[in-house]
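Visitor: could you work out the structure for the sequence below:
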Amino acid sequence: MTELDVIFLTNTADQGIYQMTKNAIQSLRDSEEPGKFKIIVIESNKTSTYKYDADEQIHPKEDFNYNTYLNIGSKYCDSDYSAVSNNDVIFRKNWWTKMKQSFIEHNLDTASPKSPTEQFGIVQRVEMKHRYTPITKVVEGYEVAYTFCGWFWAMKKDVREWLFPLDEQFSFFYQDNDIVMRLKEKNCKHALVGGSLVEHFGQRSHKILHQNGTYLKHTFALEKNFHQKWG
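Guide: Numbers count the residues shown, from 1 in each chain. Purely as a prediction, here's the structure:
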């Protein structure tokens, strides 16, 4: 059995998105010895004919909803650990070996890697605090974008089993905030693993939402849902 399921969401609208997602998957394959990862790709472009080097490639009938798609992907997960990943990332060598070691040594329930690459679209103060975290540090906490990274986070099997299905009123933005609140309710232990390196470039697919006129619907309009749920 594989050690880690990785769910990628992609909207392959053009050759550029295809190549970016393909590079992310290939870097994951190349980052560790073969057989450690089960790759699950959820394709939101209903007309796309692109194929990826994935163990499962799913084309949902439902319109784009980030959490709906993750809920679909979670049904294909069966490893001891599972993860949610953006497609605008590059995995460095042995990132998973170092993260798994931290899971065990620090008794973590969930974890995020560190991006050594500057991330676009994140508040500079938070982005720099994240990027300059020493590789020797494992920083516990749930600060969104610093320690808890919506672009990549991994969880133990038992967390996946109670956490899913995710709340589908959060179709994109604020879904990571909602997850943090749910993890806090369960007193889960989360950390940023400074030695686990995954380059994240940031918001490379947002232009698609602008082009189809759904950007506000899936982003800042969801803030009210978060406050209504959590106060």
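Visitor: isn't residue 69 right up against residue 40?
Guide: No: at 10.3 Å, residue 69 does not count as touching residue 40 under the criterion of C-beta atoms under 8 Å. Using the backbone N, CA and C atoms, a C-beta is placed for each residue, glycine as well.
Visitor: over to residue 7. Which of the three states is it?
Guide: Following DSSP: H, G, I helix; E, B strand; the rest coil, we place residue 7 in the strand state.
Visitor: ugh, wrong one, residue 113
Guide: Assigned state for residue 113: strand (three-state reduction, three-state DSSP).
Visitor: mind checking pLDDT for it?
Guide: Note on residue 113: pLDDT of 99.
Visitor: about what we covered before: more neighbours, residue 69 and residue 40?
Guide: Legend: neighbour count by other C-beta atoms under 10 Å for residue 69 and residue 40, higher for residue 40 (26 against 22).
Visitor: does the more buried one sit in a helix, a strand or a coil?
Guide: Classified using three-state DSSP, residue 40 is strand.
Visitor: what's near enough to touch it?
Guide: 5-8, 54-56, 58, 73, 76-77 (C-beta atoms under 8 Å, 6 or more residues apart in numbering).
Visitor: give me the contacts around the host helix or strand of residue 16.
Guide: Per DSSP states H and E: residue 16 is located in helix 15-31. Helix 15-31 has contacts (C-beta under 8 Å, 6+ apart) with 6, 8, 10-12, 37, 39, 41, 50, 52-54, 85-96, 204-205, 208.
Visitor: what about 6 Å?
Guide: 10, 12, 50, 52-53, 87-91, 93, 95 (C-beta atoms under 6 Å, 6 or more residues apart in numbering).
Visitor: could I get the average pLDDT for it?
Guide: Helix 15-31 comes out at a mean pLDDT of 97.
Visitor: please state the offset of the lengthiest strand in the chain from the chain centre?
Guide: In the chain, with assignment by DSSP state E, the single longest strand is strand 190-200. On the basis of C-alpha atoms, centre = their mean, to the nearest Å, strand 190-200 sits 12 Å off its chain's mean C-alpha point.
Visitor: still on that earlier bit, helices - which of the contacts of helix 15-31 land there?
Guide: With helices taken from DSSP state H, the overlap with the contacts of helix 15-31 comprises residue 95.
Visitor: got a quick PyMOL command for the buried subset of the contacts of helix 15-31?
Guide: Only the buried entries of those go into this PyMOL selection, using 16 or more other C-beta atoms under 10 Å:
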select buried, resi 10+12+50+52+87+88+89+90+91+95
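Visitor: which SSE is immediately downstream of the one helix or strand in the chain whose mean pLDDT sits lowest?
Guide: Least confident helix or strand of the chain, by mean pLDDT, DSSP states H and E, is helix 215-218 with a mean of 49. Sequence order places helix 223-230 as the next helix or strand after helix 215-218, per DSSP H and E.
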